[in-house]
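S.K.: Pasting the sequence and the predicted coordinates here, then a few questions.
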Amino acid sequence: MTLAELCVFGALLLYLSTIVAIKWTRIGRFDNSRPRDGAFYEDAIAQRALGAHQNGIETFPFFAFAVLLAEYRDSPQRLVDELAALFLLVRVAYVFTYVGNRPTLRSILWSLGFFINVAIFFMPVLKRFLPV
């Protein structure tokens with residue numbers, strides 16, 4: 001497996017951990033028979049953790065597809081690995097700024113992550129302009 005592929009798995013674990021963490025810290029109040037109960041997410045931190053989780057679900061498919069496309073089309077693997085690792089680091093910081101209620105920094109990190117993802121996606125086209 002490549003580092004980029006491991007980062008795809010890491011992105012999956014990241015968005016799962018955002019919701020699992022809030023459920024574990026409130027184990028007595030979480031009712032698994034009603035996992036989408038809005039009352040459980042009334043607290044501000046729980047709402048932000050849920051938002052970070054949902055955003056992770058939204059960003060995951062594009063990231064996974066971009067990595068697989070770049071690798072399938074023989075893009076420079078080291079560059080794909082580095083960009084994927086950077087994307088994952090940005091997403092970790094994004095989750096912390098989301099839960100920590102830092103909306104401006106969160107938006108900056110989201111945009112940075114999006115542009116990194118776009119760079120991975122277009123790596124097959126951009127590789128023509130990279131030194132061999």
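M.R.: Happy to help now that I have it.

S.K.: Got the phi and psi for residue 102?
M.R.: Dihedral angles of residue 102 (phi, psi; degrees, to the nearest 10) stand at phi -120, psi 80.

S.K.: For it, give its distance to residue 52.
M.R.: When CB to CB, to the nearest Å is the yardstick, residue 102 and residue 52 sit 12 Å from each other. (Glycine included, C-beta is placed from N, CA and C.)

S.K.: ok, the two, which is more surrounded?
M.R.: residue 52 (25 against 15; other CB atoms under 10 Å).

S.K.: Regarding that one, what is its secondary structure?
M.R.: Reducing the assignment at residue 52 to three states with DSSP: H, G, I helix; E, B strand; the rest coil gives helix.

S.K.: How about residue 47, nearest residue that isn't a chain neighbour?
M.R.: The spatially closest residue to residue 47, leaving aside those adjacent along the chain, is residue 41, at 5.3 Å (CB to CB, 6 or more residues apart in numbering).

S.K.: correct me, but that neighbour touches residue 48?
M.R.: No. The pair residue 41 / residue 48 is not scored as a contact, 9.5 Å apart, by CB atoms under 8 Å.
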